[in-house]
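Asks: Could you work out the structure for the sequence below:
(2 chains)
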Amino acid sequence: ELKVEQNPLFLSMQEGKNYTIYCNYSTTSDRLYWYRQDPGKSLESLFVLLSNGAVKQEGRLMASLDTKARLSTLHITAAVHDLSATYFCAGGSNDYKLSFGAGTTVTVRA
Amino acid sequence: GAVVSQHPSRVICKSGTSVKIECRSLDFQATTMFWYRQFPKQSLMLMATSNEGSKATYEQGVEKDKFLINHASLTLSTLTVTSAHPEDSSFYICSTQGDGYGYTFGSGTRLTVV
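Replies: Sure, this is the predicted structure:
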């Protein structure tokens, strides 16, 4: 069973600074996903990472995948208030099920 | 892109009654639908997987007689919470594979049992 550990669980960011969220997974997974969830809302897809060394960027967010280390990171550059949300990583299994991390609640303060 | 329409968005029901949640795939066929439950400030937990035309498979610890899943067509999957109790109050989200390797999520249903 694929287990996904995410840290930190809570992240208080200062506007303008850089931060990283880490996602470790327990067994081989060929797909790693990052999602954003706003309070009371469903999930919004951010990134799909499919291969070792994959790096994807969208605005102030950049995600990478190291399959050898079983680690994915979500890097936030120059945090802004609009990025306050909960971020989830999820690993995909061969049976197409997703296993989610616990989530990282991000609060960006001025 | 692929869109999954989920209804209702919010429902309040009395303890002991049943509630049906629908997820419809718009403009594409969803052979598989994943149903998740999310308690406040927690992650998503997979409850069951429904496949069009066959019985759903449930994750360990999920009562199949309480959470009835039907996937009668390629565009509609339903989750019925039977004899709901306050502890069933949660946020229920459906999801299916969209384009490529991505997944599309419904907008979620906030169930409150009083």
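Asks: Write out the residues of chain B neighbouring chain A.
Replies: Counting by CB under 8 Å from any CB of the partner chain, the residues of chain B close to chain A are B:6, B:32, B:34, B:41-46, B:49, B:93, B:95, B:97, B:100-103, B:105-108, B:110. For glycine as for every other residue, the C-beta is placed from the backbone atoms N, C-alpha and C.
Asks: Tell me which residues of stretch B:19-32 come out buried.
Replies: B:19, B:21-25, B:28, B:30, B:32 (16 or more other CB atoms under 10 Å in any protein chain shown).
Asks: How about stretch B:62-74?
Replies: By 16+ other CB under 10 Å, the buried positions in stretch B:62-74 come out as B:62, B:67-69, B:71.
Asks: Could you dump the residues you listed into JSON lines with pLDDT and secondary structure added?
Replies: Below are the buried residues of stretch B:62-74 laid out as JSON lines (pLDDT from 0 to 100; DSSP: H, G, I helix; E, B strand; the rest coil):
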{"residue": "B:Val62", "pLDDT": "96", "secondary structure": "coil"}
{"residue": "B:Phe67", "pLDDT": "97", "secondary structure": "strand"}
{"residue": "B:Leu68", "pLDDT": "96", "secondary structure": "strand"}
{"residue": "B:Ile69", "pLDDT": "95", "secondary structure": "strand"}
{"residue": "B:His71", "pLDDT": "92", "secondary structure": "strand"}
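Asks: nearest to chain A, of those residues?
Replies: B:Val62 (13.3 Å; CB to the nearest CB).
Asks: Spatially nearest residue to the closest one (excluding sequence neighbours)?
Replies: Closest residue in space to B:Val62, ignoring its immediate chain neighbours: B:Met47 at 4.9 Å, by CB to CB, 6 or more residues apart in numbering or on different chains.
Asks: partner strands of the one helix or strand in chain B whose mean pLDDT sits lowest, parallel or antiparallel?
Replies: One helix or strand of chain B scores below all others by mean pLDDT, DSSP states H and E: strand B:67-73, with a mean of 92. For strand B:67-73, the paired strands and their directions (DSSP bridges) read strand B:76-81 (antiparallel).
Asks: Can you tell me what sits against the strand it pairs with?
Replies: Contact with strand B:76-81 is made by B:18-25, B:30, B:33, B:35, B:47-48, B:50, B:66-71, B:88, B:92, B:94, B:111, as judged by CB atoms under 8 Å, 6 or more residues apart in numbering or on different chains.
Asks: Up against chain B, what does chain A have?
Replies: Counting by CB under 8 Å from any CB, the residues of chain A that sit close to chain B are A:31, A:33, A:40-43, A:45, A:48, A:50, A:88, A:92, A:96-103, A:105.
Asks: Now with 7 Å, please.
Replies: A:31, A:42-43, A:45, A:48, A:50, A:88, A:96-98, A:100-103 (CB under 7 Å from any CB of the partner chain).
Asks: Looks like B:Tyr34 contacts B:Thr49 (just checking).
Replies: For residue B:34 the amino acid is Phe, not Tyr. Yes. At 5.5 Å, B:Phe34 counts as touching B:Thr49 under the criterion of CB atoms under 7 Å.
Asks: quick one: common contacting residues for these two?
Replies: Residues touching both B:Phe34 and B:Thr49 (CB atoms under 7 Å, 6 or more residues apart in numbering or on different chains) are A:Lys97.
Asks: For the two, indicate the residue with more neighbours.
Replies: B:Phe34 (23 against 20; other CB atoms under 10 Å in any protein chain shown).
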